[in-house]
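In: Show me the folded form of this:
(2 chains)
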Amino acid sequence: MPPPLQPPTVTEKIRNYLDAFASRFTLSRLFAVLALFLLAVVLIAYLIPLLDFGRFFGTDDYTHLFHTEVMESSLGISDFYENMGGYVSNPASGENMYNYPFGVWLFGGTIAKVTGLSVLEGAFIFIIFFFLVIIASFYFYSDVFLHSREEKILAVLFLLCMPNAALALLSFRPSVFTLPFLFVILYITFREPFDWKLLPIIWVSIFAIIVSHTGSFIFLISFIVLFFLLLSLLWGKISDAVYLVIMSTLVIYVFAITWFPQIAYQYNNKATLFLSPGQFLAAHTGFGLPSELGNVFYQNVIVNHELIYTILLGATIYVLAIVFRHIHRKVREKFRRPELSYPVTLPVQNISHSVAATPLWLGPVHLLFAIIGYFKMDMRGKCMLVSAVLIGVLPDLLFENADSSTGVLREISFLVIILPIAASLGFFAVLSYIGTLNRSYKKVLTFFVWFIVLVAVILTPALVTTYYLPRISGEDYVIGGMQWLGTNGDSSKEVIGYGYRTVPIYTNMTDAAYGVESGSETRNLMNLLQGSFFEPVTGKDNVDDLHRYYGISYIMSSDKIISNLGNTSDNLTIDRNTGLDKIYASNDFGIYAVPASSETMVERKGLTKDISIEEIGSSIRVTTDVYKIVLEKDYPVIDQFGTPTDNFLGGGVMNDVVQISGFRKQPETNPYASPNQESDVSTVDYFSLNMMPITPVINGNEITYKTILKDQVTGENEATLLIRYTFYPETVKREFIVSNDWITATSVPYMNVEFSTSMFVPQTDFVLNGVYSTWNRHIYPSTDTVWVTDNIKDLFLYDSSGKGIYLRYEPTSSYPVSMAYKGSTLYSMSDVIIPQSTSLQPGTSYHITQYMSPGDQVTAREDIATRDDIRLLDYPNGTAPIILTGYQLGSSGYSPEFSPIGYQLLREENVPYTEILYSTFSTENTKPNETYTDPLQLVLIKENNAKVIGSTLTGESSATADSVSKAEETYYNYSTQLKTTTDLVKYAKDKGLHLIGYMPNSLDYNLDTLKIMAEKDLPFLVAFPISPPYYGTLGTRPSNMEMARYHDGDTDVVLLPLQYPMSTSLTENDTASVFPAWNATIDDAVLTGGMTMLVIQSDDLGNPAYSAKIRSLIKYAKAKGLTFTTPDTLIDHFKLLQNVQYSGSVKGDTATINVTNTNDKPIQQVAFSVRLPVLTTGSYTASTGKVVKTVSDGNNSVVYISTDIPARGTQEITIQPNAPRKTMSVVHAKTPIEGPVTITIKGEDGLPLKGAEAIIDQKYYYPDDNGEVTVDMKRGPHTVEVHAPGYQPYAATLDVKGRLYILGQFFE
Amino acid sequence: MFDRLSQKSATDIVAMVVVIAIILGALTSFFFLLIDKESYSAIYIIPDSIVYDKANSSVWYTYGVSSSESGTTDYTLNVYRDNTLVKTKQFSLRPGEVLDERDRVTLPPIVTYPSKISLNLTTKTSTNEVHFWLPE
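Out: Alright, predicted model coming up:
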């Protein structure tokens, strides 16, 4: 009787289900069981914990996510790198984190774009699917060594439970992203027979690895080379397939790095490990050849990407394999036991303490079974296991202390390619062995072995994903705080959570710690953070500096951050820091904000279409297509300067210093007093602009900082300092004006001013254009300073890329005469200081003008030239004026009989003349002492309509007037000077003369004198003496009039220079020292365009001993183009010019000037000089006004234009060639492909066009002798302009296509 | 591979082990996912919500309390002005609840600057504090 039907037990139900499942898919029951277990492991140990956690495991993931977000918002790879440049302090540095293989970012960004999901969501879904891809690809790859499905699925299970794999497989990281590509390469390479049709898949996979992960590439090339050599040495085989992969990898590397040079730094840096074996051998054996070969390989293949060396390397490897095979055969023949050469033991016993943890991370169970499995593998598997172990473990054993060891090869994670497979083989070998036992406990033993393995398989990843990873990924309350800030904070501000990589992802703000250069910049950030957290007294100052220097508005705090800062919470004082409000708190995590009241963030954008000025926090950022400059808002110094994407100051600084001296005397040294009793009062007032808070005024394209410099001992006003930045689309103009307009001294009126610009910059080379020479120098690290002595016109500081900062001095003052430089011995930085100095008389100013532009030398120079090549001239009609004046001293040397002859000479030469009428007055008696005024002279002055300048004493103890050196002067007080001046004016009036100006006796005056001149309506004052130029200094010192300044304001008085010597220095026996000096003065004026005022008394003009020479001098001046005039004519013009504004630019052979007269009356003969290229035919013409002269200047012509502007009128003047323009031919590929693109420029005659310049993407290029310009262009639109003198300009936009476009065309 | 052990028997052993392993794995995962869960609270002041009305000697601000605790939690909020307790509030929140409130602190006629307004949130297990400074 059959047993009654029983409901099936649970075990039976499972068994039935498995049977049904297996039979349905024609699977073995064991495979079905293991497949279901795999599903359970994937769900329980991986996916459910990940979904429950709800965000990414790990920390590196968030850095990659940040880069992926930027990639997603970029238009292409080059756009991505440009965008990333905005996040870092030094975009030129290869150390920036974004100069990393970008494959995973590109893939993640593309997923987000294609799906429309956010990067965070897209990447999260991606890692889940990619996890399944890894499992599937490994399953198929294991087919190379495993034959049954059960073995393969168990290998997958072994993979999933390797602790290091469990930690990483659900990560958004390049090392994980490359795994399937690695499996594909190995699968195709080791699968027999080799399928050549699949070779392109290998190439694509290699390329994907190279652009995604440096470590994977280094592992791949190391592994396959070692495999190839070991196979030949130990097994006597040469694998063509493996060799093909070696060569493919090397060649694809060369091309990939050439196409994507941004990632080269990573390879250059990490591949130094290839040098380690050679260095190890050289150090331990003295055999240096491998080291040399390593260097050759590293330099020429890795760094320089030279294909020929790549081929040579490939040939060397192949020859080496042949030699190894030969050795193998010889050994085999000798011992006749080939198996003896098998490596039967792994170098496990050699593992040092530092890698003792390796079995733990690989999995002890795996290792145990893998050792057994080793003996079950074929020679490929054995060789692969040995190679992988050597690659993964050996570097750590050998190069434990080598700095070049990057850790990439010490990563044992790449053992996933073989360890799970070996373990699977070993496991089934053990089971098979158990099956052979005739023991009753065989089942128990089988159960036990399975139990150990399967429990380990599921528990290991479960523990990793549910316990370990969440803890290292950051606690929920920390992430919650960041998300709260992302929702409630201002996303335009910067935040720092020092050590948290999740910051930019969850706050949606810029992480201020990202991109901070290592070295001084990082140390400074750390110091300020530590000060903010732990300094109770200076905490607020540190916060202010964090806000000022790094733009930080939010600071996070937690136990982890405190630990990162090297301190403990016991020392925390941040809650007492009055510079921070704590706005969020949860457990140990807090968020602090810089209070809104101390924020000064007002944003103003879009000054013009070419220039944007933004006030951001404590900075002012000005951006054009050519440059980006960041000024400190409240300090007149530059924080950043460079192209829109590169900050050429890097982590360095640029600062300017003003030093003032001359008003305090050094106390006399008392030799009997001890040093401690000596006064240490400095005679110099030192003003470092980075320490001087000044509120700026922004007006149009100008930012002006103005302040009054105080005497640092008395605290009294000393001088006015004005710093003006003018922003043009191509260049920045910096003006520094120090005015001696406050000190009304009774003695020593001179103010000595030293101004210096100092730079601590990453550039290591410079080109200095001086008046006498051009200096090309490399700046070597040194503790000593090197000086260059020359009149400095231009300085170009550059780095190895040929880019840097161009600085040009405009001669509004004398050029600096020296520059000091030295390289830092601590950092890759250079110290450069350019000092310059002058002495200022009362009311005068030291006006220093610098132009700055970034880029390569040619482009930066041309960018500056667009503005600097147009100058408004001080004098009418583009003339260089010369004034002849007499000086009625009435001295004993005066010969009145010659004066009429002198006037006759002037009439004959048609030279207007001015007389200086000197009278002394008693300060007590208002009656003038007329003994100095010859009545005959007065008659002559009137008869000849000579203009008269009045002159009196301004104090006691004046030095003689014909001496440049000044004796100490004691000035009359204001009322006395007023009285003497009033008497002078009255005296002149009584004599029927009109005073057009004033000259203080000996040119000694103080601010009271200027004030009186303004009150008496005397429009000018002959103020400062100019020595004749010495040999070699010709043309270096402008000699111009300037508006006198008084108490931080312009007066209506103009100050004039006076050239020495006077004719009173003439003696009949010695004219040789005077006439050459006057000739040199005239030569100087021709070069500088400055004004000349010579004192030649009328009796000297008529003196037969001199008159012929003076007549020659006059003719010489006229021949040189100087125009004789009188001061009043110049003064009127100069005063009107103060209300004339202009802007202009030069492009090719065309200049445009826009000029406005804001005076209420017209101004005549306003003149400009414009530097333009020399024309081969025709000349230049002006659309408004006229060209008054053209002067040749090397390859350029300086064109002088003069125009009349009506009252409150505006004119636009275009200067261009008057001949019809010719047409150039510009040839380039119809559809250029990214890479080198050649443009050919030819003239109408079909010959290369000389003098042409091409402006491609704002950068200047000059064609070579063939008329060709070759530029490396990235994919996308590129603007091209070509200019040549006399030719119609060419402008176009090239749409450069990616390399894949060629493939598209091919298929079309 | 199971030479002397029948396939069926061997597979039964494996199936049994698989079931046990899955149970162990599931228990481990669920323990850490469900039982070993973080619970926390947070207090915050909305940035830019602080308005210092000097004329009326009062300061306005918006604060919030967020509960991510495992159960209903009782809170005590103490507001201090320069270490002087100026007000106290008690309330309860359930898991996932958030309290947002606009509040005001009245200042004495004479204030020493900078003056610190501090909000101290306590539960049975934790204390969290946020604050802001009143500038002169």
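In: Return the list of helices and strands in contact with the longest helix anywhere in chain A.
Out: Scanning chain A for the helix with the most residues, using DSSP state H, yields helix A:307-335. If you count contacts as 3 or more C-beta pairs under 8 Å, 6 or more residues apart in numbering or on different chains; DSSP states H and E, helix A:307-335 packs onto helix A:214-234, helix A:240-259, helix A:289-297. For the C-beta atoms, the positions are set from N, CA and C on the backbone; glycine is no exception.
In: Dump those to JSON lines, plus mean neighbour count, mean pLDDT and distance to chain B.
Out: What follows is the helices and strands packed on helix A:307-335, written out as JSON lines (neighbours: other C-beta atoms under 10 Å in any protein chain shown; pLDDT from 0 to 100; distance: least, C-beta to the nearest C-beta, whole Å):
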{"stretch": "helix A:214-234", "mean neighbour count": "23", "mean pLDDT": "88", "distance to chain B": "29"}
{"stretch": "helix A:240-259", "mean neighbour count": "19", "mean pLDDT": "90", "distance to chain B": "31"}
{"stretch": "helix A:289-297", "mean neighbour count": "16", "mean pLDDT": "78", "distance to chain B": "46"}
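In: Now the longest helix of chain A: buried residues?
Out: Residues of helix A:307-335 classed as buried: A:309, A:310, A:313, A:314, A:317, A:318, A:321, A:324, A:325, A:328, A:331, A:332 (neighbour count, 16 or more other C-beta atoms under 10 Å in any protein chain shown).
In: Just the helices from chain B, written as ranges.
Out: For chain B, the helices defined by DSSP H occupy B:7-30.
In: residues contacting the residue nearest to the spatial centre of it?
Out: Per C-alpha atoms, centre = their mean, the C-alpha nearest to the average position across chain B is that of residue B:41, at 1.4 Å. Residues counted as contacts of residue B:41 (C-beta atoms under 8 Å, 6 or more residues apart in numbering or on different chains) are A:586, B:65-69, B:73, B:75, B:93, B:121, B:123, B:126, B:128.
In: For the stretch 601-750 of chain A, what lies in contact range of chain B?
Out: Contact residues (C-beta under 8 Å from any C-beta of the partner chain) of the stretch 601-750 of chain A with chain B: there are none.
In: Low-confidence regions, chain B specifically.
Out: B:1-8, B:36 (pLDDT under 70).
In: what about 50?
Out: For chain B, applying pLDDT under 50 flags the ranges B:1-5.
In: ok, back up a step: could you dump the buried residues of helix A:307-335 to a markdown table with pLDDT?
Out: Shown next, in a markdown table, are the buried residues of helix A:307-335 (pLDDT from 0 to 100):
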| residue | pLDDT |
| --- | --- |
| A:309 | 86 |
| A:310 | 86 |
| A:313 | 87 |
| A:314 | 87 |
| A:317 | 88 |
| A:318 | 90 |
| A:321 | 89 |
| A:324 | 87 |
| A:325 | 88 |
| A:328 | 84 |
| A:331 | 83 |
| A:332 | 77 |
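In: just curious, which of those is nearest to residue A:896?
Out: residue A:309 (91.9 Å; C-beta to C-beta).
In: The residue nearest to that closest one when sequence neighbours are not counted - how many residues pack around it?
Out: Counting by C-beta to C-beta, 6 or more residues apart in numbering or on different chains, residue A:300 is the residue found nearest to residue A:309 once chain neighbours are left out, at 3.7 Å. Applying other C-beta atoms under 10 Å in any protein chain shown, we find 17 residues neighbouring residue A:300.
In: quick one on the thing from earlier: among the contacts of residue B:41, name the buried ones.
Out: Taking 16+ other C-beta under 10 Å as the criterion, what is buried in the contacts of residue B:41 is A:586, B:65, B:66, B:67, B:68, B:69, B:73, B:75, B:93, B:121, B:123, B:128.
In: surely the third one meets residue B:75?
Out: No - with contact defined as C-beta atoms under 8 Å, residue B:66 and residue B:75 do not form a contacting pair (10.7 Å).
In: Let me know the pLDDT of residue A:675.
Out: In this model, residue A:675 is scored at 60, pLDDT.
In: ok, now residue A:1006?
Out: Here the pLDDT value assigned to residue A:1006 is 88.
In: okay, now it: neighbour count?
Out: Neighbour count of residue A:1006, defined by other C-beta under 10 Å: 26.
In: And the residue nearest to residue A:309, how far from residue A:310?
Out: For residue A:300, the distance to residue A:310 (C-beta to C-beta, to the nearest Å) stands at 8 Å.
In: One more: residue A:1221?
Out: Using C-beta to C-beta, we find residue A:1221 at a distance of 50 Å from residue A:310.
In: Nearest to residue B:22 among the contacts of residue B:41?
Out: Nearest to residue B:22 out of these is residue B:68 (C-beta to C-beta; 31.0 Å).
In: Could you tell me which residues make contact with that closest one?
Out: Residues counted as contacts of residue B:68 (C-beta under 8 Å, 6+ apart) are A:476, A:477, A:480, B:38, B:39, B:40, B:41, B:42, B:95, B:96.
In: So residue A:1041 sits against residue A:1058, correct?
Out: No - using C-beta under 8 Å, residue A:1041 is not in contact with residue A:1058, being 10.9 Å away.
In: Report the mean confidence score over stretch A:380-387.
Out: If you average the pLDDT over stretch A:380-387, you get 85.
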